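# Pasting the sequence and the predicted coordinates here, then a few questions.
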Amino acid sequence: MIRDLGFTGRVYEKYIRGEKYIIFKGKLEFKTIFTKTAKNARVVDMAIGKTSAIIQSARSGARLTIFFTVPIIILQHFLEDEVLLSNLLADLAVSLIKVGVSSIAAAVAAAAVGTTTTIAAAPLAVAIFIGLGIAYSLDKLDEYFSITEKLGLILREIEDATIGEISRKGWELERILRWQIANDINPGKGIFYP
């Protein structure tokens, strides 16, 4: 970012008595952009850049988790004795929500730690620890409240009320048409025409 601002000298971080300072070596007029106070918009933008990198990392981690999780869930459902689309969709939906919530919590925790500590690995360690902790907690909540199973039941009820009803009407229509053909009645009479 400093290169984008046009600075061509050396820039490095230095810690003095626990405080982090950014040292500029080069033209003195550039130092007027960055003052000791962090009220300058460019200084704030540098701090936000660190948070932005943490958020981007969390987003990439969530994508990677989704790319591994979805095929495993699909394979797991195909290996079961009874494969129901409603159970698969419920499992996928709840799993993706878990990934999203744990990723957001991990990113928030990492950003908070990143702004309060100077240890470079601390945000990553906190993100991993918080992400795994939240994911484990969400799994236990899912088991305790049977959220995935309840969502599967709801999806089956919706399917039965929509697609199931259409299918039953189709079978009933076919039964009537077969009966009409077997009894020498014009097919569709009383259904499609008087």
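Looks like it arrived, so ask away.
# Could you pull out the strands in this protein for me?
Listed from the start of the chain, the chain has strands (DSSP state E) covering 10-16, 19-25.
# Which of the ones you listed comes out lowest on mean pLDDT?
For the strands of the chain, the weakest mean pLDDT is recorded on strand 19-25, namely a mean of 73.
# May I have the strands that pair with the least confident helix or strand in the chain by mean pLDDT, each with its orientation?
Comparing helices and strands within the chain by mean pLDDT, DSSP states H and E singles out strand 19-25 as the least confident, with a mean of 73. Paired with strand 19-25 in the same sheet, following DSSP bridges, are strand 10-16 (antiparallel).
# Show me which residues of the strand it pairs with are buried.
For strand 10-16, a neighbour-count test (16 or more other Cβ atoms under 10 Å) marks residue 11 as buried. Yep, even glycine has a C-beta here, placed from its N, CA and C like the rest.
# sorry, back to before: quick check: which of the strands of the chain is nearest to residue 148?
For residue 148, the closest of the strands of the chain is strand 19-25, at 45.9 Å, according to Cβ to Cβ.
# would you list every one of the helices in the chain?
In the chain, helices defined by DSSP state H lie at 41-78, 85-116, 122-145, 147-159, 165-182, listed in chain order.
# Please work out which of these is packed deepest.
Each of these was given a mean neighbour count from mean count of other Cβ atoms under 10 Å, and the largest, a mean of 18, is that of helix 85-116.
# what's the angle from that one to helix 147-159?
Between helix 85-116 and helix 147-159, the angle formed by their directions is 140 degrees, by axes from the mean of the first three to the mean of the last three Cα atoms, to 10 degrees.
# right, and the strands of the chain - which one's nearest residue 138?
Of all the strands of the chain, the one in closest proximity to residue 138, counting by Cβ to Cβ, is strand 19-25 (35.5 Å).
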